[in-house]
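Undergrad: What follows is a predicted protein model with its sequence.
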Amino acid sequence: MQAITEAELESWHDYEVESRREIVALLRQIAEKHQLIRLLVKGESDVCVTSLLAVDPDSGSIVLDRSVSQEQNARIVAASKVMCETSLDKIRILFRLQNLRETRFEGGIALGADVPATLIRLQRREFYRMATPVTHPVTATIPLPQALGGGSAVFPLSDISCGGIAILDNKHQLGTTIGETFANCRIEVPDIGPVTTSLQVRNSLEMTLLNNKTTRRLGCQFVDISRANLAAVQRYITKLERERNARLAGH
């Protein structure tokens with residue numbers, strides 16, 4: 001399972017479940033099927049694998065198994081929020097937990113938390129995102145309206161899925177464009193060919209890089225993409241996945 005990040009949660013906000021009844025039903029299924037949950041206290045550097053023991057919609061709380069490490073339990077309780085990821089019937093489930101505390105459960109000590117207000121449910125492969133290569137960046141050329149100076153600008157991709165792309169707007173050339181749609185965008189897909197589609201900006205995230213420089217990541221959704229262009233994107237994602245699997249296998 002891939003690492004979860006704040007950027008992912010932002011880019012997938014369109015797939016949030018906000019119905020309290022549905023959230024409780026999903027959490028109960030996760031508990032009943034004893035699905036393991038990765039609880040990220042401080043990102044990938046501090047991870048606890050736990051399970052959901054109980055869901056109580058009346059009190060608005062859930063109960064989780066504690067870590068075997070007392071020090072980690074202290075960090076979990078001290079955290080203002082933690083992020084969690086699990087799966088249910090091959091559906092990826094992501095959510096934040098707040099108000100972590102120790103609680104009594106069946107004669108022992110467990111972790112309590114509030115029922116999450118929202119939950120992200122990704123059930124189709126088209127939402128599977130692949131990071132694009134840093135060494136050979138994939139680029140998107142976006143025509144700019146006159147209000148943004150006209151002409152066109154080229155942006156490197158951060159990741160790609162069959163639902164859209166994330167681009168890095170280092171120079172803030174696209175202004176404050178949440179919800180704006182740019183027509184006739186051209187993505188240069190290596191070994192596949194150009195993909196042309198409209199892109200709608202769905203979210204924006206300011207990021208600080210390892211060299212302390214800042215950049216802006218824009219999550220963009222494909223709009224009215226043709227079947228042929230979508231097939232080209234899928235072929236490229238499959239290619240990236242095969243290359244990654246080969247690297248992991250040491251080939």
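TA: Happy to help now that I have it. Everything numeric in this text was worked out from a predicted model, so none of it was measured. Residues are numbered from 1 along each chain as shown.
Undergrad: What residues does residue 60 make contact with?
TA: When contacts are counted by CB atoms under 8 Å, 6 or more residues apart in numbering, residue 60 touches 114-115. No exception for glycine: its C-beta is placed from N, CA and C like everyone else's.
Undergrad: Next up, phi/psi of it, please.
TA: The phi and psi torsions at residue 60 (degrees, to the nearest 10) take the values phi 70, psi 30.
Undergrad: and residue 65, what does it touch?
TA: Contacts of residue 65 (CB under 8 Å, 6+ apart): 50-51, 53, 110-111.
Undergrad: actually residue 187, not the one I wrote
TA: Counting by CB under 8 Å, 6+ apart, residue 187 makes contact with 138-141, 157, 160, 165, 194-197, 233.
Undergrad: mind redoing it with 10 Å?
TA: 138-142, 155, 157, 160, 165, 167, 193-197, 199, 222, 229, 232-233, 236 (CB atoms under 10 Å, 6 or more residues apart in numbering).
Undergrad: tell me which element it falls in.
TA: Secondary structure here is read from DSSP states H and E; on that basis residue 187 sits in strand 181-189.
Undergrad: Quickly run through the sheet partners of that strand, with directions.
TA: Sheet pairing here is set by DSSP bridges, and for strand 181-189 it gives strand 139-143 (antiparallel), strand 193-208 (antiparallel).
Undergrad: Show me what counts as buried in it.
TA: Under the neighbour-count criterion of 16 or more other CB atoms under 10 Å, strand 181-189 has 182, 185-187, 189 buried.
Undergrad: what is the rounded mean pLDDT of it?
TA: Averaged across strand 181-189, the pLDDT comes to 95.
Undergrad: could you dump that strand to PDB, C-alpha only?
TA: C-alpha atoms of strand 181-189 as PDB (Å, rounded to 0.1, in the frame of the first residue of the first chain):
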ATOM      1  CA  THR A 181     -10.900  25.000 -16.700                       C
ATOM      2  CA  PHE A 182      -8.100  25.300 -19.200                       C
ATOM      3  CA  ALA A 183      -8.900  23.900 -22.700                       C
ATOM      4  CA  ASN A 184      -6.600  22.200 -25.200                       C
ATOM      5  CA  CYS A 185      -3.900  21.300 -22.700                       C
ATOM      6  CA  ARG A 186      -1.200  19.000 -24.100                       C
ATOM      7  CA  ILE A 187       0.600  16.400 -22.000                       C
ATOM      8  CA  GLU A 188       3.800  15.000 -23.500                       C
ATOM      9  CA  VAL A 189       3.700  11.300 -22.400                       C
END
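Undergrad: From the chain's centroid, how far away is it?
TA: Between the mean C-alpha location of strand 181-189 and the chain-wide mean there is a distance of 22 Å, by CA atoms, centre = their mean, to the nearest Å.
Undergrad: ok, now stretch 76-91?
TA: Put simply, stretch 76-91 sits 13 Å off its chain's centre (CA atoms, centre = their mean).
Undergrad: give me the low-pLDDT residue ranges for the protein?
TA: 1-14, 43-44, 123-128, 176, 209-210, 251 (pLDDT under 70).
Undergrad: Which helix in it has the most residues?
TA: Selection of the longest helix in the chain by residue count, based on DSSP state H, yields helix 227-248.
Undergrad: which other helices and strands contact the helix or strand hosting residue 63?
TA: For residue 63, the host element (DSSP H and E) is strand 61-64. Contacts of strand 61-64 with other secondary structure elements, assessed using 3 or more CB pairs under 10 Å, 6 or more residues apart in numbering; DSSP states H and E, are made with helix 20-32, strand 47-56, strand 101-105, strand 108-114.
Undergrad: The second one vs strand 108-114, what angle?
TA: Strand 47-56 runs at 80 degrees relative to strand 108-114, counting by axes from the mean of the first three to the mean of the last three CA atoms, to 10 degrees.
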